[in-house]
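**Q** Next comes the sequence, and after it the predicted model I'd like to discuss.
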Amino acid sequence: MLITIATCLLSLGLSSAGCSKSSGGGGNGGDIPVVPAISINDVTLFEGNSSNTEFEFAITLDKKTTKEVSLQYSITAGKAVAGQDYIVPTNTSITIPAGATSAKLIVLVVGDDIKEGDDDFTVQLQSPVNGTLLKTSGGGTIRNDDTKIGYNNTGYDAPTSYPGYVLKWADEFNATSLNTTIWSHQNGDGCPNVCGWGNNELEYYTDRPENLFFQNGKLIIEARPEAFQGKNYTSSKIITQGKQPIKFGRIDIRAVLPRGKGIWPAFWLMPEKSVFGGWPKSGEIDLMEVVGHEPAKTHGTLHFGPGPGSTQITRSWSLPSKTFNDEFHVFSLEWKQDQIQWLVDGQVFSTVNKADLGANNYPFNEEFFVIFNLAVGGNWPGSPEPNTYFPAWLIVDYIRVYQQP
């Protein structure tokens with residue numbers, strides 16, 4: 001069938017004699033301009049360790065045209081940070097010459113030697129002239145190729161001695177492996193007895209070097225998003241049970257804490273022997289807990305009571321500025337007969353006395369052991385969100401335990 005197409009510019013006052021005709025059965029006859037469809041590809045590359053890496057996106061047309069095609073673009077940050085992970089372009093226009101079918105769009109990604117997660121950004125095409133948009137966005141994925149953890153080494157540092165105390169034991173984490181005279185790993189997901197560690201946590205604790213390692217005198221626990229033993233995240237948990245029991249004294253722990261929804265670092269103590277029965281009868285002392293969506297607030301808690309649920313006393317303290325992720329802070333416990341105090345950077349923010357437990361048994365005059373762990377998910381912090389940054393790192397400079405001579 002022969003179809004006649006008339007294009008008339010009547011708005012310009014042209015008569016029908018000014019109309020052009022073409023046959024639909026044999027191309028456009030050179031009278032109807034070709035309008036190409038515009039697309040952009042996705043690019044995935046390693047970041048590089050220095051200088052800049054060119055992420056080269058191809059802007060392509062599905063057909064040639066006799067007209068120049070132009071368009072604008074913008075970059076939307078995902079987990080990549082504009083100006084830090086990639087250079088924000090100053091010229092955001094693209095031109096494809098008449099007769100050509102592609103052009104290059106280069107985004108400069110900043111290389112360094114600091115370990116990060118795989119970051120991402122999106123190039124969004126806009127405002128085409130002489131073309132239509134088909135695939136409007138191109139994803140840029142910056143693959144990590146580094147092993148060194150970056151952190152700010154500034155912040156509060158505790159004194160190395162206190163009147164009336166002597167250093168009982170310490171771990172400065174200057175070795176390249178875990179000191180097994182102090183620590184043991186507690187691996188797994190709590191099953192079959194306490195699945196999800198009683199909190200519906202989402203991680204599986206391992207003793208792999210991917211989850212616990214050392215760098216420049218720091219212990220680092222890394223929570224990773226990966227399928228492992230039926231869980232979607234891995235991390236590490238270490239304990240001093242049976243090796244370094246504590247009863248009274250002062251505990252100082254210097255650390256940088258991770259942040260992000262669903263992230264839950266903790267320093268806490270459990271009874272060396274359950275003198276009064278199973279949890280919570282024999283007590284639990286939470287020296288530091290932070291839920292990652294509130295990265296400037298720390299919580300100190302006592303768990304006790306007849307059970308089966310916990311009776312607890314919780315007090316919280318927030319940094320006046322910044323977060324616990326920005327630099328090192330010292331979390332401390334001052335533990336005496338019938339009294340426990342919580343401190344941040346040498347300042348007391350909570351005191352609990354035996355009398356504060358009322359008629360409940362006071363189980364905190366017994367030996368306890370220390371636990372470090374980095375949980376993912378759970379009843380309190382909730383599950384991670386799409387923008388929760390992984391890997392997440394709990395970075396510990398030291399633990400020092402002082403007691404009376």
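**A** Happy to help now that I have it. Quick caveat: nothing in here was measured; it's all calculated off a predicted structure. Numbers count the residues shown, from 1 in each chain.
**Q** helix or strand for residue 294, which one?
**A** Under DSSP states H and E, no helix or strand contains residue 294.
**Q** what does residue 399 give?
**A** With DSSP H and E as the criterion, residue 399 is inside strand 392-403.
**Q** Also residue 125?
**A** Going by DSSP H and E, residue 125 is in strand 119-129.
**Q** quick one: buried residues of that strand?
**A** 119, 120, 121, 122, 123, 125, 128 (16 or more other CB atoms under 10 Å). All C-beta atoms are positioned from the backbone trio N, CA, C, and that covers glycine.
**Q** In JSON lines: those residues, plus pLDDT.
**A** Formatted as JSON lines, those follow (pLDDT from 0 to 100):
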{"residue": "119", "pLDDT": "96"}
{"residue": "120", "pLDDT": "96"}
{"residue": "121", "pLDDT": "98"}
{"residue": "122", "pLDDT": "98"}
{"residue": "123", "pLDDT": "98"}
{"residue": "125", "pLDDT": "98"}
{"residue": "128", "pLDDT": "98"}
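**Q** which among the residues you listed gets closest to residue 186?
**A** residue 119 (32.1 Å; CB to CB).
**Q** Against residue 85, how distant is the closest one?
**A** 5 Å (CB to CB, to the nearest Å).
**Q** shared neighbours of those two, which are they?
**A** Contact criterion CB atoms under 8 Å, 6 or more residues apart in numbering; residues shared by residue 119 and residue 85: residue 142.
**Q** Find the nearest non-adjacent residue to residue 207, please.
**A** Distances taken as CB to CB, 6 or more residues apart in numbering place residue 185 nearest to residue 207, at 4.0 Å, with adjacent residues excluded.
**Q** Contact partners for the one you found?
**A** By CB under 8 Å, 6+ apart, the neighbours of residue 185 are 178, 205, 206, 207, 212, 236, 237, 238, 239.
**Q** Buried ones only from these, please, as a ChimeraX command.
**A** The ChimeraX command for the buried members of the contacts of residue 185 (criterion: 16+ other CB under 10 Å) is given here:
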select :178,205,206,212,236,237,238,239
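**Q** just to revisit the earlier point, got a markdown table for the buried residues of strand 119-129, with distance to residue 365 too?
**A** Shown next, in a markdown table, are the buried residues of strand 119-129 (distance: CB to CB, whole Å):
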| residue | distance to residue 365 |
| --- | --- |
| 119 | 50 |
| 120 | 53 |
| 121 | 56 |
| 122 | 58 |
| 123 | 63 |
| 125 | 68 |
| 128 | 75 |
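**Q** quick one: which of those is nearest residue 63?
**A** Of all the buried residues of strand 119-129, residue 63 sits closest to residue 128, with 14.2 Å by CB to CB.
**Q** That closest one: what's it in contact with?
**A** 38, 69, 70, 71.
**Q** ok, now residue 173?
**A** 214, 217, 218, 219, 396, 397, 398.
**Q** Quick check: the farthest pair among those residues?
**A** 214 and 398 (12.3 Å).
**Q** The two - which one has more neighbours?
**A** residue 398 (19 against 15; other CB atoms under 10 Å).
**Q** Run through the bridge partners of that one.
**A** Listed beta-bridge partners, residue 398: residue 254 (assigned using DSSP bridges).
**Q** residues in contact with it?
**A** The neighbourhood of residue 398, defined by CB under 8 Å, 6+ apart, consists of 170, 171, 172, 173, 252, 253, 254.
**Q** Just the buried subset of these, please.
**A** If we count by 16+ other CB under 10 Å, the contacts of residue 398 have these buried: 171, 173, 252, 253, 254.
**Q** quick check, nearest of those to residue 355?
**A** residue 252 (26.8 Å).
**Q** now the secondary structure element (helix or strand) that that closest one belongs to and strand 392-403, what's the angle there?
**A** Using DSSP H and E, residue 252 maps to strand 249-256. Angle between the axes of strand 249-256 and strand 392-403 is 160 degrees (criterion: axes from the mean of the first three to the mean of the last three CA atoms, to 10 degrees).
**Q** on contacts alone, who are the packing partners of strand 249-256?
**A** strand 263-271, strand 284-289, strand 329-336, strand 392-403 (3 or more CB pairs under 8 Å, 6 or more residues apart in numbering; DSSP states H and E).
**Q** Having no further points to raise, I will conclude here.
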